[in-house]
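[1] output the structure for:
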Amino acid sequence: MDPFGDDTPVYVISVAAQLSGLHPQTLRTYDRMGLVSPGRSAGRGRRYSMRDIVMLREIQRLSQEEGINLAGIKHILELQRENVRLHEELDRLRRTAEDMAGELESTRAVAARLAQLHRDRTRPPGGELVPIRQTSVVLWRQRSEGE
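    Presented below is the predicted three-dimensional model:
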């Protein structure tokens, strides 16, 4: 469940203003500034979601209790959105890495089994492996003129 509430845009501006404790003109200002961007109805009227209401209350709290100006609040909200996006990306990359690690482990198991089958097939009839003697190779070529 989303801690910021439902994203369904259902509240008209007068209801959103009442629920958030702000004046409708303040909500319009916040929309123009990009602090809270409500959905729009077919007639282009603003429709606020519960998430928007919670955000409006948080903006009010940051402004009144923390003394942060609207430009600072906008920056904070942008950083919070970026933080959420980065956490989602990190989670996706972790899942991908886990999937790849599982595939690698599976591939290693198949390779080990194939190597064992190859060893079993190349073993002499007595089942005993015999070391191969290493030899030196000498290459000869004709000497060309000028050497």
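[2] if I look at residue 12, how far off is residue 61?
    Note on residue 12: its distance to residue 61, by CB to CB, to the nearest Å, is 23 Å. C-betas here are computed from N, CA, C, even on glycine.
[3] kindly report the same for residue 95.
    In terms of CB to CB, residue 95 sits 35 Å off from residue 61.
[4] ok so, going back, more neighbours, residue 12 and residue 61?
    residue 12 (15 against 12; other CB atoms under 10 Å).
[5] so the more buried one touches residue 52, yeah?
    No. The pair residue 12 / residue 52 is not scored as a contact, 11.9 Å apart, by CB atoms under 8 Å.
[6] give me the residue at the spatial middle of this protein.
    Most central in the chain under CA atoms, centre = their mean is residue 89, positioned 0.9 Å from the mean C-alpha point.
[7] name the element it belongs to?
    helix 70-122 (DSSP states H and E).
[8] elements contacting that helix?
    For helix 70-122, the packing partners by 3 or more CB pairs under 8 Å, 6 or more residues apart in numbering; DSSP states H and E come out as helix 24-33, helix 50-64.
[9] rebuild those as JSON lines, extending it with distance to residue 103 and mean pLDDT.
    Formatted as JSON lines, the helices and strands packed on helix 70-122 follow (distance: least, CB to CB, whole Å; pLDDT from 0 to 100):
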{"stretch": "helix 24-33", "distance to residue 103": "47", "mean pLDDT": "95"}
{"stretch": "helix 50-64", "distance to residue 103": "38", "mean pLDDT": "95"}
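[10] please identify the most buried of the ones you listed.
    The highest mean neighbour count among the helices and strands packed on helix 70-122, using mean count of other CB atoms under 10 Å, belongs to helix 50-64: a mean of 18.
[11] quick one, that one and helix 70-122 angle?
    For helix 50-64 against helix 70-122, the angle by axes from the mean of the first three to the mean of the last three CA atoms, to 10 degrees is 130 degrees.
[12] domain ranges for the protein?
    1-68, 69-120 (automatic domain parsing).
[13] which of those sits most buried?
    Highest mean neighbour count among the domains of the chain (mean count of other CB under 10 Å): domain 1-68, a mean of 15.
[14] and the residue lying farthest from the centre of the chain, how far from residue 122?
    No residue in the chain sits farther from the centre than residue 145, which is 68.3 Å out by CA atoms, centre = their mean. Here residue 145 is placed at a distance of 48 Å from residue 122 (CB to CB).
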